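**Q** A predicted structure for the sequence below; I have some questions about it.
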Amino acid sequence: MTAETTAGTTADKHGEAVVERLRDGMARGVLSFPLTSFHRDGSLDLDGFRAHVAAQIATGPGAVFPACGTGEFFSLDEDEYRRVVTATVEVAAGRLPVVAGIGYGWAQAARFARIAEEAGADALLVLPHYLVAGPQEGLVAQVEQIAVRTRLPLIVYQRGQVTFSTRSLERLTRIPGVIGLKDGHSDLDRLQRFTLAAPEGFLFFNGAATAEIQARAYAAVGVPAYSSAVHAFAPEIADAFFAAHRDHDDAAMDRLLRDFYIPFVELRDRRTGYAVSLVKAAARLRGRPVGPVRAPLTDPSPTDLADLETLLTAGLALVPAPVASVGAAL
């Protein structure tokens, strides 16, 4: 057996192990996408980030995804990225899978992939590439170029300018190392075609913004696992919804959607970028050491912040006792 064959076999076994760990974790809890902590001057607050990740992991998520969209991957330089992923791996200590975000063009994505591999990440989430739109063969080639440059398994994120056809999805599933697809478009017709076309064991994730809103619809086409931005600031609410979803408790889900999630989405939609900055502001209201967002994002206005605090208090009141106050630590 050649060295290349041995390396390939080792990578395949690692990918299979990651798939099993992710599948097990997805059945037990939401997927955590931690916020990246910054000081007031915008510099990386690694101690604050470690504390935030530790608090997230303590609530029992299925996996943790550092340096992704919610974690402001787009604003991190390579050294900061290395420190964030390394800290997450150290805090996780093997208790759950660590899936690091990578992105931009394939050459830069491969650089981040090498850093994540050196830091000890278990897998990678390939975020939509930068700026340009490409044809289907180019979208697939982008993933192929990344896959041959890392031993870590890949989950591909279709969102923004990245939308795969069913034929392209079939090609993705044949790329060595590609283990799953995260969807942010909410095209359920296309997703149903995907789940029927994919081989057994291929992973699918609901990656819609505030994914709980569409959790039941995604599950109906075979995509029950979802990421939760709410988990980054109110794991009590996120876990209550996950339990209701798992147990098919429609009344509980309806109550949480009507009285918290839908008003939260309406507040989120008031300004571009609130999908991240509102989440970070809510975490600060809970006393989490996450700091401000970096430009081009902006922190919420005083009016929106006051409305967020009122909504957060109402949301926590929906969760069965014991319930922490808005400012309580985990």
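**A** Cool, the structure landed.

**Q** Mind picking out the helix or strand in the protein with the poorest mean pLDDT?
**A** When each helix and strand of the chain is scored by mean pLDDT, DSSP states H and E, helix 3-28 comes last, with a mean of 77.

**Q** Can you name the element that comes right after it?
**A** Tracing the chain C-terminally past helix 3-28 and defining elements by DSSP states H and E, one meets strand 31-32 next.

**Q** Next up, the contacts around residue 180.
**A** Residues in contact with residue 180, defined by Cβ atoms under 8 Å, 6 or more residues apart in numbering, are 19, 22, 155, 156, 202, 203, 204, 205. (Glycine included, C-beta is placed from N, CA and C.)

**Q** And the fourth one, which helix or strand is it part of?
**A** Okay, so that is residue 156. Counting by DSSP H and E, the secondary-structure element that holds residue 156 is strand 154-158.

**Q** Enumerate the sheet neighbours of that strand, specifying parallel or antiparallel for every one.
**A** Note on strand 154-158: by DSSP bridges, its sheet partners are strand 123-126 (parallel), strand 178-183 (parallel).

**Q** Output those strands as JSON lines; include the columns mean pLDDT and distance to residue 111.
**A** What follows is the strands paired with strand 154-158, written out as JSON lines (pLDDT from 0 to 100; distance: least, Cβ to Cβ, whole Å):
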{"stretch": "strand 123-126", "mean pLDDT": "98", "distance to residue 111": "12"}
{"stretch": "strand 178-183", "mean pLDDT": "98", "distance to residue 111": "19"}
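
**Q** As CSV, those strands with distance to residue 35 would be great.
**A** CSV is the format used below for the strands paired with strand 154-158 (distance: least, Cβ to Cβ, whole Å):
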stretch, distance to residue 35
strand 123-126, 16
strand 178-183, 18
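
**Q** Tell me which of these sits most buried.
**A** For the strands paired with strand 154-158, the largest average neighbour count (mean count of other Cβ atoms under 10 Å) is found in strand 123-126, namely a mean of 26.

**Q** How about residues contacting it?
**A** Contacting residues not belonging to strand 123-126 are listed as 15, 18, 22, 65, 68, 97-103, 109, 113, 116, 143, 146, 150, 152-157, 179, 182 [Cβ under 8 Å, 6+ apart].

**Q** please redo it, this time with the cut-off set to 7 Å
**A** Around strand 123-126, the neighbours that count as contacts under Cβ atoms under 7 Å, 6 or more residues apart in numbering are 18, 65, 68, 97, 99-103, 109, 113, 116, 143, 146, 150, 152-157, 182.

**Q** What helices and strands are in contact with the helix or strand just after it?
**A** Downstream of strand 123-126, the next assigned helix or strand under DSSP H and E is helix 136-147. On a contact count with 3 or more Cβ pairs under 7 Å, 6 or more residues apart in numbering; DSSP states H and E, helix 136-147 meets helix 106-119, strand 154-158, helix 166-173.

**Q** I'd like the ones you listed written out as a markdown table, with mean neighbour count, mean pLDDT and distance to residue 48 added.
**A** Below are the helices and strands packed on helix 136-147 laid out as a markdown table (neighbours: other Cβ atoms under 10 Å; pLDDT from 0 to 100; distance: least, Cβ to Cβ, whole Å):
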| stretch | mean neighbour count | mean pLDDT | distance to residue 48 |
| --- | --- | --- | --- |
| helix 106-119 | 19 | 98 | 19 |
| strand 154-158 | 24 | 98 | 26 |
| helix 166-173 | 17 | 98 | 37 |
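
**Q** same question for stretch 282-302, mean pLDDT?
**A** Stretch 282-302 shows an average pLDDT of 97 in the prediction.

**Q** mind listing what's buried in that stretch?
**A** 282-286, 288-294, 297, 299-300 (16 or more other Cβ atoms under 10 Å).

**Q** what's the answer for stretch 179-195, then?
**A** Applying a neighbour-count criterion of 16+ other Cβ under 10 Å, one finds 179, 180, 181, 182, 183, 184, 186, 190, 191, 193, 194 buried in stretch 179-195.

**Q** Include distance to residue 320 when you put those into JSON lines, please.
**A** Converted to JSON lines, those look like this (distance: Cβ to Cβ, whole Å):
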{"residue": "179", "distance to residue 320": "35"}
{"residue": "180", "distance to residue 320": "32"}
{"residue": "181", "distance to residue 320": "34"}
{"residue": "182", "distance to residue 320": "30"}
{"residue": "183", "distance to residue 320": "31"}
{"residue": "184", "distance to residue 320": "31"}
{"residue": "186", "distance to residue 320": "30"}
{"residue": "190", "distance to residue 320": "37"}
{"residue": "191", "distance to residue 320": "32"}
{"residue": "193", "distance to residue 320": "39"}
{"residue": "194", "distance to residue 320": "36"}
